[in-house]
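Novice: any chance you can model this:
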Amino acid sequence: MKGSLGLAILGWFALGAGPLQASVYSLPVDGSPVVGTDQSVKTADEDTLPDLAHRFSLGYYEIIRANPSVDVWIPGADHEVLLPGRRILPSTPHEGIVVNLPEHRLYYYPKHGPHEKAVVITYPVSIGKMDWRTPLGQTRVIAKIKHPIWYPPASIRKEHEKNEDPLPRMVGPGPDNPLGDFALRLAAGKGEYLIHGTNNPVAVGMAVTHGCIRMYPEDIAALFAIVPVGTKVWLVNEPVKVAWVEGELLLEAHPPVDAEGQTVEPNLQVLSQMLDEALGDSRAAIHWDLARDTLKSANGIPTLVGLATDPDETPAPERQAAATVPHRTR
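Specialist: Residues are numbered from 1 along each chain as shown. Below you'll find the model as predicted:
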């Protein structure tokens with residue numbers, strides 16, 4: 001997307017469309033992979049966490065994991081709810097569409113002109129459930145479909161028949177169509193995979209689909225309007241992301257899934273390797289207990305787990321008590 005028209009579209013999206021707070025971030029000019037900020041909001045008496053998730057472009061489990069002590073359906077009035085908005089970008093090219101499956105989040109990097117700021121737009125998504133996993137790898141958008149018709153595959157109809165909830169062979173556009181009003185078709189070998197809307201917004205942010213990627217209705221409408229056919233798409237599995245920024249070591253963890261889409265235990269050895277790679281030749285004091293707890297809690301919030309140290313510096317007593325240890329790679 002080039003020229004002033006592109007920026008106008010983004011400005012309209014950020015200020016007037018979809019959720020009250022669109023997730024559009026300028027990419028740091030220093031190459032840092034960290035964008036956004038965390039915020040909070042006071043609940044009204046009628047609010048639920050899924051309501052707030054939808055309003056602020058968050059997913060179902062994303063807001064719940066960030067607020068473990070808050071009742072999901074009856075949080076009550078004047079309760080402070082954390083809106084997690086700080087993110088470490090996936091380690092992919094900053095191009096096209098990136099869907100990080102464990103994070104249940106899509107990132108879009110629009111093309112920009114030489115004098116325009118590079119931005120990333122991010123949305124919560126639903127992905128394939130355990131026995132209908134979303135495939136990994138690089139693909140592309142091959143078609144844009146407005147008011148799609150849904151032809152339930154035989155396997156899905158069979159599943160519904162077992163549950164005594166038979167499906168028709170075709171579902172036309174309208175409120176009963178689970179594809180919503182817009183769809184992006186992906187090149188996916190023998191199967192067909194879509195990025196599409198939904199008639200069940202509460203489920204956005206869950207692993208509930210039959211392999212497709214599901215978005216809030218207003219999010220897919222905004223994405224549909226600005227994504228051209230041919231856009232590259234990366235489907236990745238990055239449950240753990242690490243960033244070394246201005247002397248701070250940040251760790252962001254999401255519940256990991258294996259190749260079959262099942263949640264698995266976090267790998268502490270892989271964590272150590274990732275911290276090594278992030279630090280390079282730098283030296284840092286890492287709070288290993290906090291790093292392990294962050295990995296296991298997998299709440300998706302970037303957490304400070306290490307600080308830069310001078311090679312000749314003796315850690316302060318309070319840091320020693322926190323069980324940090326100097327760490328250097330190579």
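
Novice: would you mind giving the domain segments of the chain?
Specialist: Using automatic domain parsing, the domain parsing of the chain gives 3-36+86-236, 240-328.

Novice: make TSV out of those and add mean pLDDT, mean neighbour count and distance to E46.
Specialist: Just so you know, the C-beta spots here come from the backbone N, C-alpha and C atoms, and that holds for glycine as well. Below are the domains of the chain laid out as TSV (pLDDT from 0 to 100; neighbours: other C-beta atoms under 10 Å; distance: least, C-beta to C-beta, whole Å):
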stretch	mean pLDDT	mean neighbour count	distance to E46
domain 3-36+86-236	81	17	15
domain 240-328	74	16	26
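
Novice: now distance to H79 too, for those, in a markdown table please.
Specialist: What follows is the domains of the chain, written out as a markdown table (distance: least, C-beta to C-beta, whole Å):
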| stretch | distance to H79 |
| --- | --- |
| domain 3-36+86-236 | 18 |
| domain 240-328 | 18 |
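
Novice: let me know which of these is the nearest to E80.
Specialist: For the domains of the chain, proximity to E80 was assessed by C-beta to C-beta; domain 240-328 is nearest, at 15.3 Å.

Novice: show me the helices in the stretch 1-150 of the chain, by range?
Specialist: 3-16, 49-55, 60-66 (DSSP state H, counting those that start in this stretch).

Novice: next up, the contacts around the nearest residue to K232 once chain neighbours are set aside.
Specialist: Computed as C-beta to C-beta, 6 or more residues apart in numbering, the closest residue to K232 that is not its neighbour in sequence is G96, at 3.6 Å. Listed by C-beta atoms under 8 Å, 6 or more residues apart in numbering, the contact partners of G96 are 108-109, 140, 231-234.

Novice: of those, which belong to strands?
Specialist: Of the positions in those, 108-109, 140, 232-234 sit in strands, assigned by DSSP state E.

Novice: wait, which of these is closest to K117?
Specialist: Taking C-beta to C-beta as the measure, K117 sits nearest to Y109 out of the ones in strands among the contacts of G96, at 11.9 Å.

Novice: so how far is P114 from the closest residue to the closest one other than its chain neighbours?
Specialist: Of all residues beyond its chain neighbours, the one nearest Y109 is H94 (4.7 Å), with distances taken as C-beta to C-beta, 6+ apart. Using C-beta to C-beta, to the nearest Å, H94 is found at 16 Å from P114.
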